[in-house]
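**Student:** Just the structure for this:
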Amino acid sequence: MFDRAKAWARSIKRDVAALWLAARDPRTPRLAKYLAIALVAYALSPIDLIPDFVPVLGLLDDIVILPLGILLLLRMMPAGLMQDLRERAARIEDLPASRAGLLAVLAIWLAAVVITALWIARWLS
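**Tutor:** Residues are numbered from 1 along each chain as shown. Below is the predicted model of the structure:
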């Protein structure tokens, strides 16, 4: 079971790298390209939308968001293109960290804090 989980994690990493390449490939449909950029930025972000130390939910976002996003994008990509990108991704050793993903997650948290503060202020008055 542990070996299956390890293989699954490697395939997720390879697919994220393939989607990183897809975001730059002119053969990728426009909507798929935008979604790939968003998913890869999230996957490579140094922080998560829900921090991993939050029980259950912290790991659930990685276990659910990435695979579902990858499945959606696989359906949007031409069949031969994804196979080509997976082969190219297998040769990539390291993926860069995503500053855009970091900024997006920070913006979401900042917006949540501001909305919560406004809601509390309105509730107290």
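
**Student:** the bottom helix or strand of the chain by mean pLDDT?
**Tutor:** helix 2-22 (a mean of 78; mean pLDDT, DSSP states H and E).

**Student:** Where is the longest helix in the chain?
**Tutor:** In the chain, with assignment by DSSP state H, the single longest helix is helix 99-124.

**Student:** Now do the least confident helix or strand of the chain: everything it contacts.
**Tutor:** 28, 32-33, 36, 39-40, 43-44, 66-67, 70, 73-74, 77, 81-82, 85-86, 88-90, 92, 95 (C-beta atoms under 8 Å, 6 or more residues apart in numbering). All C-beta spots, glycine's among them, are computed from the backbone N, C-alpha and C.

**Student:** Let's see that with 7 Å instead.
**Tutor:** 28, 32-33, 36, 39-40, 43, 66-67, 70, 73, 77, 82, 85-86, 88-90, 92, 95 (C-beta atoms under 7 Å, 6 or more residues apart in numbering).

**Student:** list the buried ones in it?
**Tutor:** I12, R14, D15, V16, A17, A18, L19, W20, L21, A22 (16 or more other C-beta atoms under 10 Å).

**Student:** separation between the second one and L68?
**Tutor:** Just to be clear, that refers to R14. Distance, R14 to L68, using C-beta to C-beta, to the nearest Å: 17 Å.

**Student:** Could you dump the buried residues of helix 2-22 into a markdown table with distance to L106 added?
**Tutor:** What follows is the buried residues of helix 2-22, written out as a markdown table (distance: C-beta to C-beta, whole Å):
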| residue | distance to L106 |
| --- | --- |
| I12 | 24 |
| R14 | 28 |
| D15 | 25 |
| V16 | 20 |
| A17 | 24 |
| A18 | 27 |
| L19 | 22 |
| W20 | 21 |
| L21 | 26 |
| A22 | 25 |
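
**Student:** What is the burial count for A121?
**Tutor:** Residues near A121, counting by other C-beta atoms under 10 Å, number 9.

**Student:** my bad, V105
**Tutor:** 20.

**Student:** That one contacts S45, correct?
**Tutor:** Yes. V105 is in contact with S45 according to C-beta atoms under 7 Å; the separation is 5.4 Å.
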